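Give the three-dimensional model of this entry:
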Amino acid sequence: MAGSGPRVGVLALQGDFREHLAVLGGLGAEAIPVKRPEELASIQGLVIPGGESSVMDKLSRMFGLADPLKAAIRSGLPVYGTCAGLIMLADTVLDAIDGQQTLGGFDLVVRRNAFGSQLDSFETDLEVPAIGGDPVHAVFIRAPIVESVGERASALASLPDGRVVAVEQGNLLGTSFHPEMTGDTRFHEYFLAKVGSA
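Numbering: from 1, shown residues only. The predicted model follows:
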């Protein structure tokens, strides 16, 4: 999807990558699906979408993407992970399946499927001072929760009970919920601002 803005990749191994491509393209970015290591060289930012984190992990290793992704994160590539994407970026994952690995980089402890099954999906409004304006209407689908935020990371939004659902750390941004599904583009805009200043 051509745009005049920055070239931003969306990891397109599994999950709802098409929705992110559409949102980023609508915001003027040149949004491209990323499936191969060589595609990482041409992008200025990356979104890791929601989906199934254990499948994404397996596919990223099978396609030879895991190590180049880890290197890109370490070198400062702006990366935004939503839902499963947040799990992929976390340094520590609770309730991971046997052998599941992450890309890491985010000083967080995340719990997979913290809210239960698909049937336990829910929506709520969140105050997010960093992006300003009205509360964000957030959709949670088999979502992870941030169990603890390390010294290098900071919380951007929490549920009323205090559980953290949006975080940032330098070049990294993460949400437990799916902003690509609601028509509210402020998190993607916030991420594109990170890309622009990187």
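
Next up, the contacts around the residue sitting nearest the centre point of the chain.
Nearest residue to the geometric centre of the chain (C-alpha atoms, centre = their mean): residue 81, 0.8 Å. If you count contacts by C-beta atoms under 8 Å, 6 or more residues apart in numbering, residue 81 has them with 47-48, 87-89, 106, 172-175. C-beta coordinates here come from the backbone N, C-alpha and C atoms, glycine included.

What's the separation between it and residue 74?
Going from residue 81 to residue 74 by C-beta to C-beta, to the nearest Å gives 15 Å.

before we move on, back to that, run me through the strand neighbours of the helix or strand hosting the residue nearest to the centre of the chain, direction for each.
Per DSSP states H and E: residue 81 is located in strand 79-82. Sheet pairing for strand 79-82, assigned by DSSP bridges, gives strand 45-48 (parallel), strand 172-175 (parallel).

if you compare those, which one is most tucked away?
Compared across the strands paired with strand 79-82, strand 172-175 shows the largest average neighbour count, a mean of 28 (mean count of other C-beta atoms under 10 Å).

And the contacts of it?
Here strand 172-175 makes contact (C-beta under 8 Å, 6+ apart) with 73, 78-83, 85-86, 89-90, 105-106, 108, 138, 146, 153, 157, 165-168, 187, 190-191, 194.

So which of these sit within helices?
Those of the contacts of strand 172-175 mapping onto helices are 73, 85-86, 89, 187, 190-191, 194, per DSSP state H.

And the nearest residue to residue 113 once chain neighbours are set aside, how far from residue 115?
Take residue 113 and drop its neighbours on the chain: the residue closest to it by C-beta to C-beta, 6 or more residues apart in numbering is residue 142, 5.3 Å away. Distance, residue 142 to residue 115, using C-beta to C-beta: 7 Å.

Then residue 46?
Taking C-beta to C-beta, one finds residue 46 at 26 Å from residue 115.

same deal with residue 89?
Taking C-beta to C-beta, one finds residue 89 at 19 Å from residue 115.

ok, those two, which is more surrounded?
Of the pair residue 89 and residue 115, residue 89 is the one with more neighbours under other C-beta atoms under 10 Å, namely 25 against 17.

you'd agree the more buried one is up against residue 48?
Yes. Judged on C-beta atoms under 8 Å, residue 89 makes contact with residue 48 at a distance of 6.8 Å.

shared neighbours, those two?
Joint contacts of residue 89 and residue 48 (C-beta under 8 Å, 6+ apart) are 79, 81, 103.

and which of those is nearest residue 126?
Distance to residue 126 across those (C-beta to C-beta) is lowest for residue 81, with 17.0 Å.

Secondary structure class of residue 20, three-state.
Assigned by DSSP: H, G, I helix; E, B strand; the rest coil, the conformation of residue 20 is helix.

Show the residue spans covered by the strands in this structure.
Per DSSP state E, the chain carries strands over the ranges 7-11, 30-34, 45-48, 79-82, 90-94, 106-111, 122-126, 136-140, 145-149, 154-158, 164-169, 172-175.

All set now, cheers.
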